[in-house]
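# One predicted model, sequence on top.
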Amino acid sequence: MRHLLFATLCFCSLGVFAGQRYYVAPESRGDGSGLSWDDASDRLYSIIEDAQPGDIIYVAQGRYYGGFTVKNGVTVLGGYTVGDDAPESRVLPEENTDRGSILDGCDKYRVITQTSALDTPAIFDGFVIENGSATSGAGALIMDGCTLKNCLVRNCASGLPAVGEYIDKAKGVVIGADKTSNTIDVVSTTFASKLCQYERAQYFAGNANTPGNARWRIPTAEDMRAMLSYPANEIIGSALKTNGCKDFGTSKIWTATETESAGLEGRYVADLRTGELMPMNRWQYCRVLPAGSYTESVGRTAGGGIKASGKATISNCTVTGNKATLGSGIHARNGVYIYNTTVHGNVSDNQLNTDDSVIIEEETGIAGITADSGISPIVSNVVTTGSEIGLTSPGFTSYAIHSVSGQLIAAGSIGENGAVTAPQTRGIYMLSLSDSNRTSTVKIIVK
């Protein structure tokens, strides 16, 4: 099949609405409301959750821990200096540095999560996205309406669930995962209906009504500390609500004995109103929130750095050092737009395809792949493996094809038929066309 390469541009317009401005810094300032740099908040997750369509969040340089949500119509901009929100003052991510605004998943959160298509476009612009962990899309899981722009996505790995992921078979939300033993800890979504003493709490916890091989218990003090910490408390609570379950509420919840050597009469409870762990005697009445553990083998994972679908957009990003079975860098489906994005140095355990840093699912593809610079040719449609790519821009005499990691795939002269043969392996490639006076580099998708 013969495909034509022609000169055009694809523009994606994003609706912009005037809204509230918020300001976030690594350390809270003033009253912490986030309404100015002087009152900057240190709780990026909460600011995003409270924002409304049209709002803009300015994030100062520094490190922010946890997972963050894509909010309908909300723009989140990184790289600023406290007190200065001028665009020209921003510090954008660079490889092999810790410059700018860093969103750190701590190897237990998916860094950016979108749960549904958006009515109004949302943007994350100017962030290092690193150390994400999730079943898929460990750095970012995005879909219709979301744009990742000027981001560096690195050192994320798909595999076990992230803290805050809802596990349907366990009817609960993940509070932790151990990659060494593939053990997943979840919290049940059902409170005991009545107050109870510790022995009765043990009975309720041990008989939590969930399928599978989960072993249920009263949460340990360590479990409760993890759940009550920021942003885990907000992420887990939000996941419970999103899945139609009860949130933590303001009860006092039984926990297991913290230590036998503490000289206390017996038990601890978590006061969800204050977020404190408190010693109490074994005869006092509190509620029980069952926690469980189960093991699960890791199957085929997708999107170590980014998993994108629908009309999501990835623009001017670098994706490197991520891990997954398929699409170790990017896994894309259903018409994702990718512009001027470098994908290299990602690691796959897929033995069937050793160069799968970018995976385009069959019969879906990616639309709108633009050239690297200026008004240069772009691919009007997806080409198939081994097909001829016809060149409508005349005069080019030679070509070179590189993988997105920079490996030379093919090179030669352009014949009289004005065509270049596409690579035999699916993926995204860089096609350079040149003559004595000019060079034009374009991205092609081969399916």
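Alright, I've got the coordinates.

# what's the longest helix belonging to the chain packed up against?
Longest helix of the chain, by residue count under DSSP state H: helix 232-242. Applying 3 or more Cβ pairs under 8 Å, 6 or more residues apart in numbering; DSSP states H and E, we find helix 232-242 packed against helix 44-50, strand 172-178, helix 221-228. No exception for glycine: its C-beta is placed from N, CA and C like everyone else's.

# So which of those is the most surrounded?
strand 172-178 (a mean of 23; mean count of other Cβ atoms under 10 Å).

# how far off helix 232-242 does that one point, in degrees?
140 degrees (axes from the mean of the first three to the mean of the last three Cα atoms, to 10 degrees).

# ok, and what's touching strand 172-178?
Strand 172-178 has contacts (Cβ atoms under 8 Å, 6 or more residues apart in numbering) with 108, 133, 160-167, 183-189, 210, 223, 226-227, 232, 236, 239-240, 243, 245, 291-292.

# sorry, back to before: and of the helices and strands packed on helix 232-242, who's closest to N437?
Between N437 and the helices and strands packed on helix 232-242, the tightest spacing by Cβ to Cβ is seen for helix 44-50, at 49.1 Å.

# Return the list of helices and strands in contact with the closest one.
Packing partners of helix 44-50 (3+ Cβ pairs under 8 Å, 6+ apart): strand 21-24, strand 56-60, strand 68-69, helix 232-242.

# Quick one: name whatever helix or strand follows the last one.
By that I understand helix 232-242. Where DSSP states H and E defines the elements, the next helix or strand beyond helix 232-242 is strand 252-255.

# just checking, next helix/strand downstream of that next one?
strand 267-271.

# what's that following strand in contact with?
Under Cβ under 8 Å, 6+ apart, the answer for strand 267-271 is 198, 219, 221, 224, 227-228, 252-258, 276-282, 284, 286.

# Give me the angle between it and helix 221-228.
Going by the same axes, to 10 degrees, strand 267-271 makes 0 degrees with helix 221-228.

# rewinding a little: out of the contacts of strand 172-178, which are buried?
108, 133, 160-167, 184-189, 210, 223, 226-227, 232, 236, 239-240, 245, 291-292 (16 or more other Cβ atoms under 10 Å).

# Can you tell me which of the residues you listed end up in helices?
223, 226-227, 232, 236, 239-240.

# Can I get the residues you listed in JSON lines including pLDDT and distance to Y429?
Below are those laid out as JSON lines (pLDDT from 0 to 100; distance: Cβ to Cβ, whole Å):
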{"residue": "D223", "pLDDT": "87", "distance to Y429": "48"}
{"residue": "A226", "pLDDT": "87", "distance to Y429": "44"}
{"residue": "M227", "pLDDT": "88", "distance to Y429": "46"}
{"residue": "A232", "pLDDT": "93", "distance to Y429": "41"}
{"residue": "I236", "pLDDT": "90", "distance to Y429": "42"}
{"residue": "A239", "pLDDT": "88", "distance to Y429": "39"}
{"residue": "L240", "pLDDT": "82", "distance to Y429": "44"}
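
# and the residue nearest to G105 when sequence neighbours are not counted, how many neighbours does it have?
With sequence-adjacent residues excluded and distances taken as Cβ to Cβ, 6 or more residues apart in numbering, G105 is closest to G132, at 3.7 Å. Using other Cβ atoms under 10 Å, G132 has 33 neighbouring residues.

# separation between Y198 and R225?
19 Å (Cβ to Cβ, to the nearest Å).

# Revised request: answer the last question for G321.
On the measure of Cβ to Cβ, G321 and R225 end up 31 Å apart.

# do A60 as well
From A60 across to R225, the span is 28 Å (Cβ to Cβ).

# Could you export the longest helix of the chain as CSV, CA atoms only?
The C-alpha coordinates for helix 232-242 follow below in CSV (Å, rounded to 0.1, in the frame of the first residue of the first chain):
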residue,chain,number,x,y,z
ALA,A,232,-2.9,8.9,51.3
ASN,A,233,-5.9,9.8,53.4
GLU,A,234,-7.4,12.0,50.8
ILE,A,235,-6.6,9.7,47.9
ILE,A,236,-8.0,6.6,49.6
GLY,A,237,-11.0,8.5,50.9
SER,A,238,-11.7,9.9,47.4
ALA,A,239,-11.4,6.4,45.9
LEU,A,240,-14.0,5.0,48.3
LYS,A,241,-16.4,7.8,47.4
THR,A,242,-15.8,7.5,43.7
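
# can you pull up the bridge partners for the residue nearest to the spatial centre of the chain?
When Cα atoms, centre = their mean is applied to the chain, the residue found nearest the centroid is A140 (1.9 Å). Beta-bridge partners recorded for A140 (DSSP bridges): I112, I306.

# How about the contacts made by it?
110-113, 124, 129, 132, 148, 153, 305-308.

# Out of those residues, which is nearest to A25?
Distances from A25 to those, taken by Cβ to Cβ, are shortest for F124, at 17.5 Å.

# Distance check, that closest one against I48.
10 Å.

# Show me the beta-bridge partners of V442.
L431.

# From the contacts of strand 267-271, list just the buried residues.
Buried, going by 16+ other Cβ under 10 Å: 198, 219, 221, 224, 227-228, 252-258, 277, 280, 286, out of the contacts of strand 267-271.

# Report the lowest-confidence entry in those residues.
Lowest pLDDT of the buried ones among the contacts of strand 267-271: E258, 64.

# Pretty sure G34 sits against D42.
No. Look at G34 against D42 with Cβ atoms under 8 Å: they stay out of range, at 9.0 Å.

# if we can go back for a sec, quick check, pLDDT for the residue nearest to G105.
pLDDT, G132: 97.

# Quick one: low-confidence residue ranges for the stretch 251-400 of the chain.
258-266, 349-382, 392-394 (pLDDT under 70).

# quick one: D185 from F68, how far?
Taking Cβ to Cβ, one finds D185 at 22 Å from F68.

# cool, Y399 as well?
42 Å.

# who has more neighbours, these two?
F68 (25 against 19).

# give me every residue that touches the closest residue in space to I218 that isn't next to it in sequence.
Distance criterion Cβ to Cβ, 6+ apart; nearest residue to I218, sequence neighbours excluded, is A205 at 4.6 Å. Going by Cβ under 8 Å, 6+ apart, A205 touches 216-218, 288, 290-291.
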